[in-house]
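Undergrad: Fold the following and give me the result.
(chains A and B)
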Amino acid sequence: MRTILFILRKEFLQIKRNRTMLPIIFFVPFVQLIILVHAATFEMKHIRMHIIDRDNSSVSRDITGKFRGSPFYDITNYSFSDKEGEEDLKKNKADIVMIIPKHFERNLKTESSGKIQLVINAINAASAGLTYAYTQSIILKYNLDLVTEWANLPSNVRTSSISITHSFWFNPELNYKNYMVPGILVLLVTLIGMFLTGMNIVREKEIGTIEQINITPIKKHQFIIGKLLPFWIIAQFELAFGLTLGKLLFNIPILGNLGVVFTFSSIYLLVVLGLGLIISTINNTQQQSMFISFFFMIVFIMMSGLFTPVESMPVWAQKINIINPVAYFIKVMRMVLMKGSGFADIKQQLISISVYAVVILSFAVWRYRKVS
Amino acid sequence: MKRFFGFVTKEFYHIFRDFRTLVVLFGMPIAQILLFGFAINTDLKDASIAILDNSKDEMTRKLSQKIISSGYFLLKENLNTTAEIEKSFQTGKIKEVIIFQEDFEKRFMKDGKASVQIIADATDPNNANLFVNYTSGIINNFQQELMREQKVPYLITPEVRLRYNPEMKSVFMFVPGIITILLMLVCAMMTSISIAREKELGTMEVLLVSPLKPLQILVGKVLPYVLLSFINAVTIIMLGKWVFGMPITGSYMLLLFVTIVFIIMVLSLGIFISTVSNNQMTAMLISMVGLLLPTILLSGFVFPTENMPLILEWLSYIVPAKWFIIILKSVMLKGLGIQYIWKELLVLLGMTLFLLMLGMKKFKIRLE
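TA: Predicted coordinates:
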C-alpha cells in the first residue's frame, strides 16, 4: 500500500511540475464547452434564397412576399436569368433558387395549375431536405389561402386542409446545448483518460526511466495502480468540473441522480484507462501511442452518435458500437441528465460496461511486462 | 545543399524505419474513410415511430401507410390512448408519435379542417427537428395529391431540382471533410511531434550546433511529410471516387494543386505548434484541442457554419479546414475552376505565410 502511495505522489508531482499540463486540464473543458457546444446545430436559421420572378404578377409577388416575411429566409438576390441563380449556387451565395416562370398567374387561372421551380444545393443532404420541407410548406399554405380566395367560397367555408401541429417533448425549446453538453463532457473525460495514460507510460519507456522502475521491487499491480489512479482521479474531477460549468453557463438540466452518473463514470474510466494502458504496452514511442489513440478516439467519437444519429447508421455499424465505450457513456449521460433515468433504466449499460472493464483491465495487466 | 539532403535522408529513415508509425500513417486514413464513408451519415432512415390513430378511417389509414412506406420511418407501435405516449417515449424505443384527431376524415370533408399532431422526442433536438419536418413534408405531399384528385382549382406545384447531389447522399458531404481532418491530423501532428521529440530527447541540441541553418532544419523536417501526406490525400480522393462514387467533376490538376497548398499550410501550422511546445505531450494536447475538435465542428464538416452564432461563424473563418472544405466541394462536386475559388486559396496562402513567419521567429536556435 505504501509503495502505491509513493508512486501516486511521484505521478502527481510530475503533473503538478509540468507547466503546460495544469492549464490544459482546466482550460480544455472551458474551450470545449463554450465554443463547441454552440456549434453543433442543424437548425436552419438563415436559408439564403435567390428569387427569379419572371412573372412579376400579383400572385408571384405575394409568394415572394411570404418568403421575405419568413424569419427563416434571407433573400440574398433577385434576378431574371437562370444563369445568375446558378452562379449564386456555385459561389455559395445561395442555398436555394426559386424560379417563378413567365405567365405563372395566367396559367394558374386558365389551366388551373402552375409550377414553381426550386433548385437546391444538395451537397449537404440534411440541410437540403429541411430547406425543401420548409419551402414546400410555405408554398402549400399560400396555395390553400389562394384557392379559398379565388374559388370565391363563402368566408365560413374553407378549402379542406390538414393542419399539422407539433410539439417537442423533453426539450421543448429544442435547446441542443442540453443535448451536446453531456456528450462533450464524455469526450473530455475520455480524451484525458486515454491519451494521458497512453502517453505517460510510453514516455517513461522513451526517455528510459522505465528501466529504473523495472529494477525496483515495485510489483506489477502496484505500478499499474499507481499509474492509472492519478488519471482516474483527474478525469473524475474533470467530469465534476465540466458538469458544474455546464450547470452554471448553460443551465443544463440535471434531472437524475448524479450518483448514477459518477458510479457509471468510475467504471467507464476503468475501460478507458485500460485501453490507454494497452496502447502504451504495445508501443515504444509517444508518437506511435498517440496516433493509435487518435485512431480509436476518432472512430469512437464519430460512431458514438454524438454528432450524427446512431439510428441512421447501417446495422453492422450500429453493432460496432457494442465495443464503443463512448457510445455507452453518452447514452447514459443523456438518459440520466435529461430524462432522469435511474439505476434500473441503465442496468443494461452498466452491466455491459462492467464486463468490458473486467476484460480490458485483465488483458492490459496480462499484457504489461516488467521486462524491457 | 548536400548537407541538407543528408538531413532529409535522415528524416526519411526516421519515418521508414518506424514500421508501426508507417502502418498507422497509411492504414489509418484508409480504415477511417472506409468506416466513415459507409457508416456515418445523417440520412434519415427507418426512424422508429408510433401512431395513435383516434379515428381509424380510410384517410388516416392511407396517410399512415404513406408515412410508413416513405422509407424514413418504421412503425414500431400502435398506441390506443394518450397515456401510453409518455411510457413509450420513456423506454427510448420511439422517437416520434403521430396522433390523428378523432373523426379525422369526417372533419376534413365537412369542416374542411382536420388536425394531425406530431410529438417528437427532442432529447436529440437536431433529429427531432428533422423528424417533424420530414413528417410534415409527407403530410403536405399527401394533401397536395388529395387536392389534385379532388380537382381543386389553382394548384401550385413546386418542382424541385437537387443540384450537385441529386440522390442526397451524405457521403458527398463527408468525404471532403474526412480528407481535411486526416490531412490536418497527419501533417500537423506528425510534424509538431517529430520536432518536439527532438527537443524532448535532447537531439535538437545536436541539430542546432550542426552547420545546418534553422530554415534548413525546418524544411528538412517537413519535406518527408509533404510527400507522405500527398500520397495519403491522393489515396483518400481515389477511394472516395471509386468506393463511394464521389464524382470529381472539376479538374484533377487543380484538385492536386489545392491539396498541396493545404498540406503546406497545415505543415506550417505543425511547425508553429512545435515551436511553442517543449515536449511531445504538450504538442499533442495543443494539436488535439486546437485542431481536432475545431476541425470537426467549426469547419462545416458536419454542421453548416452559417447556422452558428455570429461569434462562432467569425471564429470559423480562422479555421483553415473551413476554407479547404469549401474549395474541395467546389472543385470536386460543383466542377468549378480557379476563378471561383481564388479567394479561398488566397486565404490559405495568407495563413501559410503568417504561420511560417511566426514559426521562424519563434524557432529558438539558442539552448535554454
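Undergrad: Where does pLDDT dip in the stretch 151-300 of chain B?
TA: B:289 (pLDDT under 70).
Undergrad: Same question for chain A.
TA: A:20-21, A:41-43, A:152-159, A:370-372.
Undergrad: Can you give the domain ranges for it?
TA: Domains of chain A are assigned by automatic domain parsing as A:23-40+A:174-367, A:47-150.
Undergrad: residue contacts, residue 61?
TA: No chain specified, so I'll use chain A. By CB atoms under 8 Å, 6 or more residues apart in numbering or on different chains, the contact list for residue A:61 reads residue A:53. The C-beta positions use only the backbone N, C-alpha and C, and glycine is treated the same way.
Undergrad: That was the other one, I meant chain B.
TA: Contact partners of residue B:61, counting by CB under 8 Å, 6+ apart, are residue B:53.
Undergrad: element containing it?
TA: Per DSSP states H and E, residue B:61 falls inside helix B:58-68.
Undergrad: Need the CA coordinates for that helix. PDB is fine.
TA: This file holds the C-alpha atoms of helix B:58-68, laid out as PDB (Å, rounded to 0.1, in the frame of the first residue of the first chain):
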ATOM      1  CA  GLU B  58     -59.900   5.400 -44.600                       C
ATOM      2  CA  MET B  59     -58.000   8.600 -44.800                       C
ATOM      3  CA  THR B  60     -55.800   8.100 -41.700                       C
ATOM      4  CA  ARG B  61     -55.100   4.600 -42.800                       C
ATOM      5  CA  LYS B  62     -53.900   5.900 -46.200                       C
ATOM      6  CA  LEU B  63     -51.900   8.700 -44.600                       C
ATOM      7  CA  SER B  64     -50.200   6.300 -42.100                       C
ATOM      8  CA  GLN B  65     -49.400   4.000 -44.900                       C
ATOM      9  CA  LYS B  66     -47.800   6.800 -46.800                       C
ATOM     10  CA  ILE B  67     -45.700   7.900 -43.900                       C
ATOM     11  CA  ILE B  68     -44.500   4.300 -43.200                       C
END
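Undergrad: Give the next helix or strand downstream of it.
TA: strand B:73-79.
Undergrad: and that following strand, is it in reach of chain A?
TA: No. Using CB under 8 Å from any CB of the partner chain, strand B:73-79 never reaches chain A; the gap is at least 9.5 Å.
Undergrad: Any part of the helix or strand following that strand near chain A?
TA: Sequence order places helix B:83-90 as the next helix or strand after strand B:73-79, per DSSP H and E. Yes. Using CB under 8 Å from any CB, helix B:83-90 reaches chain A at B:89-90.
Undergrad: what angle sits between helix B:83-90 and strand B:73-79?
TA: Counting by axes from the mean of the first three to the mean of the last three CA atoms, to 10 degrees, helix B:83-90 lies at 130 degrees to strand B:73-79.
Undergrad: Please identify the buried residues of helix B:83-90?
TA: Applying a neighbour-count criterion of 16 or more other CB atoms under 10 Å in any protein chain shown, one finds B:85, B:88-90 buried in helix B:83-90.
Undergrad: With respect to chain A, which of those is nearest?
TA: residue B:89 (6.2 Å; CB to the nearest CB).
Undergrad: Just give the closest residue to that closest one, not the sequence neighbours.
TA: residue B:121 (5.4 Å; CB to CB, 6 or more residues apart in numbering or on different chains).
Undergrad: do residue A:125 as well
TA: Closest to residue A:125 by CB to CB, 6+ apart is residue B:168, at 3.9 Å.
Undergrad: check contacts around that neighbour.
TA: Per CB under 8 Å, 6+ apart, neighbours of residue B:168: A:122, A:125, A:128-129, B:43, B:162.
Undergrad: wait, residue B:315 sits on residue B:298?
TA: Yes. Under the criterion of CB atoms under 8 Å, residue B:315 makes contact with residue B:298 at 6.2 Å.
Undergrad: ok so, going back, give me the neighbour count for the residue nearest to residue B:89.
TA: For residue B:121, the tally of surrounding residues (other CB atoms under 10 Å in any protein chain shown) stands at 23.
Undergrad: where do the strands sit along chain A?
TA: Here chain A has its strands, by DSSP state E, at A:47-53, A:73-79, A:96-100, A:113-121, A:161-169.
Undergrad: Please identify the deepest-packed of those.
TA: strand A:96-100 (a mean of 24; mean count of other CB atoms under 10 Å in any protein chain shown).
Undergrad: Does chain B have contacts with that one?
TA: No. Strand A:96-100 is not in contact with chain B by CB under 8 Å from any CB; minimum separation 8.7 Å.
Undergrad: thinking in terms of the whole chain, how far from its middle is that strand?
TA: Here the centre of strand A:96-100 is set off from its chain's centre by 33 Å, with CA atoms, centre = their mean, to the nearest Å.
Undergrad: same check, this time on stretch A:114-127
TA: On CA atoms, centre = their mean, the centre of stretch A:114-127 falls 26 Å from the chain's centre.
Undergrad: how many neighbours does the nearest residue to residue A:102 once chain neighbours are set aside have?
TA: Distances taken as CB to CB, 6+ apart put residue A:54 closest to residue A:102, at 4.5 Å, once the chain neighbours are dropped. Other residues near residue A:54 come to 16 when the count uses other CB under 10 Å.
Undergrad: same check, this time on residue A:351
TA: Residues near residue A:351, counting by other CB under 10 Å: 10.
Undergrad: Could you give the number of residues near the residue nearest to residue A:109 when sequence neighbours are not counted?
TA: Setting aside the residues directly before and after it, residue A:109 is nearest to residue B:154 in space (CB to CB, 6+ apart), at 7.4 Å. Other residues within reach of residue B:154, judged by other CB under 10 Å, total 21.
Undergrad: Distance of residue B:154 relative to residue A:160?
TA: 14 Å (CB to CB, to the nearest Å).
Undergrad: can you check residue B:45 too?
TA: Distance, residue B:45 to residue A:160, using CB to CB: 32 Å.
Undergrad: Next: residue A:183.
TA: Separation of residue A:183 from residue A:160 (CB to CB): 44 Å.
Undergrad: ok, those two, which is more surrounded?
TA: More neighbours surround residue A:183 than the other of residue A:183 and residue A:160, with 23 against 20 (other CB under 10 Å).
Undergrad: What distance do you get for that one to residue A:198?
TA: Going from residue A:183 to residue A:198 by CB to CB gives 22 Å.
Undergrad: Repeat that for residue B:235.
TA: Residue B:235 sits 26 Å away from residue A:198, going by CB to CB.
Undergrad: So these two - more neighbours on which side?
TA: residue A:198 (31 against 16).
Undergrad: which residues touch the more buried one?
TA: Taking CB under 8 Å, 6+ apart as the criterion, residue A:198 is in contact with A:275-277, A:279-280, A:283, A:289-290, A:292-293.
Undergrad: Excluding sequence neighbours, find me the nearest residue to it.
TA: residue A:276 (4.0 Å).
Undergrad: Could you double-check that the one you found sits in contact with residue A:191?
TA: No. Applying CB under 8 Å as the test, residue A:276 and residue A:191 come out as separate, 10.5 Å apart.
Undergrad: Please identify which of the two sits among more neighbours.
TA: For residue A:276 and residue A:191, the more surrounded residue by other CB under 10 Å is residue A:276, and the numbers stand at 30 against 23.
Undergrad: need the contact list for the closest residue to residue A:292 other than its chain neighbours.
TA: Nearest residue to residue A:292 in three dimensions, chain neighbours excluded: residue A:279, at 5.3 Å (CB to CB, 6+ apart). Residue A:279 makes contact with A:194, A:198, A:289, A:292-293, A:296, according to CB under 8 Å, 6+ apart.
Undergrad: follow-up on the earlier one: looking at the contacts of residue B:168, spot the one nearest residue B:329.
TA: Using CB to CB, residue A:122 comes nearest to residue B:329 of the contacts of residue B:168, at 11.6 Å.
Undergrad: Confirm for me that the closest one is in contact with residue B:163.
TA: Yes. With contact defined as CB under 8 Å, residue A:122 reaches residue B:163; the gap is 6.1 Å.
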